[in-house]
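**Student:** Test case, fold it:
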Amino acid sequence: MGGLQLKIRDGVKRGWMSLVAVLPPKARKPIAWAVGLTLFYTLFGFLILPLIVRAVAVKQLSRQFDREVSIRQLRINPYVLSTTIRGLLIKDKDGEPFISWDEMYVNFQLSSLVRKPWVFKEFHLIEPYIRGQVNKDYTLNCSDLLKKFSTSSTNAAPKQPLYLEIDLLKITGARVSLTDLTPSTPFRRIIGPVEITLTRFQTDPSSKNPYAFSGTTDGGEQFSWSGYFFLDPLRSGGDLSLAGLSLPKYAPLYEDLVRFEIRSGFIAGRASYQFAMTDSNYVASVTNASFTLKAFKVGAPDTTNNFVELTSLAVDKVAADMTSRTFEAGKISVSGGHLAVEREADESVNLINLSQPSRSATNAPGGILVLLQAATLVHHNGSARCGRWSEYNSL
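**Tutor:** Numbers count the residues shown, from 1 in each chain. This is a model prediction of the structure:
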C-alpha cells in the first residue's frame, strides 16, 4: 500500500511539473500566485483564523459580561463560510453556569455580500442553557448586566435595523433554570428540553415569520406554542397549550402568603390568540380557549382533612377581547365537588379564617414580583389606546 501511495504521489508531481513546463513563461507566474493564495487561504481559514477568533471572542465576552468565559473549540470552514462553536460556558458570579451551549453552527451565504439582508442558510443551536435567579435581597443574578446594557442602549445613538434572513433556525434541547431564593422554601424549576424551529425567519418588518416550539419541565409539565409573528409593528397569532401543571410543585411561590395548602391539583389548557402592540396601540384577544382543573384538594396545614375537594372543573369555548373588555365562556362543568364548612370553638368559620392572608406574610416572592413588573410594563406600553385587530390585518 505504501509503495502504491508513493507511485501515485510521484505521478501527480510529474504530471504537475509537465503541465507547468508546457505553459508559456508569462502564464506560470499567475498560476503560481493562484496556487499560493489558495493554499494560504486554506491554511489560514482552517487552522489560524479559528485560533484568533476564539481568543478574541473569549476576551471580549469576558469583558462585556464581567464573568469567566471559556470556549472548548471553534472551527471555521472558509469555503462554505460556516462557523461551529463548541462548549461555550459563561460562569455566573457564584461560579455556577450562567449561559452555555454544547454546539452552535452558523452557515453564512456568500450572496449576502451583494444583497441588503444578511442571509444564513442555517443556524443550529444544540443544548443551550441559561440560568435565572432571584437572590434573597430581591436582586437578580443578572442585575449588573441589565443595568449596564440598559444604560448603554439609552445613551447610544439610534441605529438602522439589521436585516437578516435565516432559512432554518433550529434550537434543540434548550433548558432554562429558574430559582427564587426569597421564599422560606426556595423555588427551583428546570424548563426543558425545549425544541424550537423557525423557517424562513426574516427581520424585515413586513415579513411573516412562522414558528413552533414545544417542551417539558422537570415537573412533568408539557407545553407547545406555534403560530406566526411580525416584528414591526410587533404582532403575533397562533395556538398554545399546557398540560400536566401540578399546583403543589409551585407551593414555594404562594405558601408564605396564605394560611391554606394546596395538596393536589393539575391544570391543563389550550387557546388561540392574537396580539399586537405599538407605541400607541395595544390589541389582544383569545378565542377557542379551554381550561381544566382536576384532582384539586385544599386543606389546612395543621390537619389531614380537606375542606375543598374537586374532581374536575372544565371551562370550554372561552373568548376574551381586551379592546371591548369582554369575556365569554360557552360551557362550565363541575364534577365531584366537596366543601367542608366548620364553625371553630371561637365561633369563627374555617373557610373565612383560611382565606385571609398569612400572619407572617410580608413581600411577595421575588419571582412573582418580576412577573408582575413585566406585566405592568407591557400594560403601560400599550395603555395609550386600544385598537382593533382589523387595523393590523391590513398592514
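**Student:** Can you give me the domain boundaries for this structure?
**Tutor:** 53-153+163-232, 242-395 (automatic domain parsing).
**Student:** Test for you: state the pLDDT assigned to Arg343.
**Tutor:** Arg343 is assigned 84 on the pLDDT scale.
**Student:** Name the nearest residue to it, ignoring sequence neighbours.
**Tutor:** Val349 (6.0 Å; C-beta to C-beta, 6 or more residues apart in numbering). Where C-beta positions appear, they are placed from N, C-alpha and C, glycine not excepted.
**Student:** show me what contacts that neighbour?
**Tutor:** Val341, Glu342, Arg343 (C-beta atoms under 8 Å, 6 or more residues apart in numbering).
**Student:** And Val315, by the same measure?
**Tutor:** Val315 neighbours (C-beta under 8 Å, 6+ apart): Ser290, Phe291, Thr292, Ala329, Lys331, Ile332.
**Student:** go again using 7 Å as the cut-off
**Tutor:** By C-beta atoms under 7 Å, 6 or more residues apart in numbering, the residues touching Val315 are Ser290, Phe291, Ala329, Ile332.
**Student:** next one: Ser290
**Tutor:** Here Ser290 is in contact with Gly269, Arg270, Val315, Asp316, Val318 (criterion: C-beta under 7 Å, 6+ apart).
**Student:** And for Ala251?
**Tutor:** Taking C-beta under 7 Å, 6+ apart, we find Ala251 in contact with Ile262.
**Student:** looking at this, it is in a strand?
**Tutor:** No - Ala251 is assigned helix when assessed by DSSP: H, G, I helix; E, B strand; the rest coil, not a strand.
**Student:** Quick check, pLDDT for it.
**Tutor:** In this prediction, Ala251 carries a pLDDT score of 91.
**Student:** From Arg200, how far off is it?
**Tutor:** 43 Å (C-beta to C-beta, to the nearest Å).
**Student:** Same check on Glu347?
**Tutor:** Counting by C-beta to C-beta, the separation of Glu347 from Arg200 is 69 Å.
**Student:** Which one's more surrounded, these two?
**Tutor:** For the pair Glu347 and Arg200, the greater number of neighbours falls to Arg200 (13 against 6), based on other C-beta atoms under 10 Å.
**Student:** Does the more buried one touch Leu169 like I think?
**Tutor:** No - if you go by C-beta atoms under 7 Å, Arg200 and Leu169 don't touch, sitting 9.2 Å apart.
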